[in-house]
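Peer 1: Task: produce atomic coordinates for the following.
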Amino acid sequence: MIRSNHPYFAFVLLSICSTLVLGDRYDFEIDGTIIVRLRHYLSDDGNPEDRGNLTIQSIRTGSVALSQAIIKPHHLTRLKALAKNDQLYRMQATVVTSSNKVVEFLTFMKACALVESGFSDVLTVNLDHSGGVIAISASAPYGICQGAPIPPDEKLRFFNTTIVVRHMDNGPVPDTATYIQKMERERDARERGDQKDNRSFIAKYWMYIVPLLIFVLLSSAGQPEGAPAAAR
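Peer 2: Predicted structure coming up:
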């Protein structure tokens, strides 16, 4: 679990909300932990401020733990200003892998959509086939601002965040070995002469029929038309 020395951090344990079915385990060669530092921009031109920390405790199972900062009154005022001015709420996610590799992602959404939802958002972490983070995105329940009334300030003290961990599915792999074996068997059969050719007459001899038809058509087009009857 992540703990912070900052006085206004509250630790929030989330039920795992993942695209994984309960009990599923992805067959990564090495399991590991991924730490994501979350910072957000409370103004259009300011510096990012700490929002919290996300820990993916197992890249195989997608289990997570999240700690987020309490929304202070002056933070709420600035977030409401972003929404009023129809600006974007931006968040920076800094990933630290088990091998101490650092990768940064920037995501954003409409500030008014976030405020109208009562600071309910969805944070999606996409992992590749090896368990590395390839994308992080944040979104509000509704992507557009609906003009809904904003909840009272006393209900806007925490982010209500749902974490989704998605693993990249491998696409279908062509069975090249079976295809090559089939081609080799057909070749061997042709060399032995024991394979019957069951193709139709046209399928066998189309390369001779097509040039003949073209020749006939060209010959017909080149013949002069009959002369008109003489006028009396």
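Peer 1: now stretch 39-46, how far from the chain's geometric center?
Peer 2: 26 Å (Cα atoms, centre = their mean, to the nearest Å).
Peer 1: Apologies, that question was intended for stretch 134-148.
Peer 2: Using Cα atoms, centre = their mean, the offset of stretch 134-148 from its chain centre is 16 Å.
Peer 1: can I get the CA coordinates of that stretch in PDB?
Peer 2: Output in PDB follows, covering the C-alpha atoms of stretch 134-148 (Å, rounded to 0.1, in the frame of the first residue of the first chain):
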ATOM      1  CA  ILE A 134       1.300   1.900 -23.100                       C
ATOM      2  CA  ALA A 135      -1.400   4.400 -22.300                       C
ATOM      3  CA  ILE A 136      -3.200   6.100 -19.400                       C
ATOM      4  CA  SER A 137      -6.500   8.000 -20.000                       C
ATOM      5  CA  ALA A 138      -8.900   9.700 -17.700                       C
ATOM      6  CA  SER A 139     -12.600  10.400 -18.600                       C
ATOM      7  CA  ALA A 140     -15.800  11.600 -16.900                       C
ATOM      8  CA  PRO A 141     -19.000   9.500 -17.000                       C
ATOM      9  CA  TYR A 142     -20.300  11.800 -19.600                       C
ATOM     10  CA  GLY A 143     -17.900  13.200 -22.200                       C
ATOM     11  CA  ILE A 144     -19.900  16.400 -22.700                       C
ATOM     12  CA  CYS A 145     -21.200  19.000 -20.400                       C
ATOM     13  CA  GLN A 146     -24.900  18.600 -19.900                       C
ATOM     14  CA  GLY A 147     -25.600  21.700 -17.800                       C
ATOM     15  CA  ALA A 148     -26.500  19.700 -14.800                       C
END
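Peer 1: tell me the mean pLDDT for that stretch?
Peer 2: Mean pLDDT, stretch 134-148: 88.
Peer 1: Please, which helix or strand holds the residue nearest the centre of the chain?
Peer 2: Closest residue to the average C-alpha location of the chain: Asn126 at 6.9 Å, with Cα atoms, centre = their mean. Using DSSP states H and E, Asn126 falls within strand 120-127.
Peer 1: How about residues contacting that strand?
Peer 2: Strand 120-127 is contacted from outside by 34, 36, 38, 54, 56, 59, 109, 114, 133-141, 159-168, using Cβ atoms under 8 Å, 6 or more residues apart in numbering. The way it works is simple: take the backbone N, C-alpha and C, and place the C-beta from them, glycine included.
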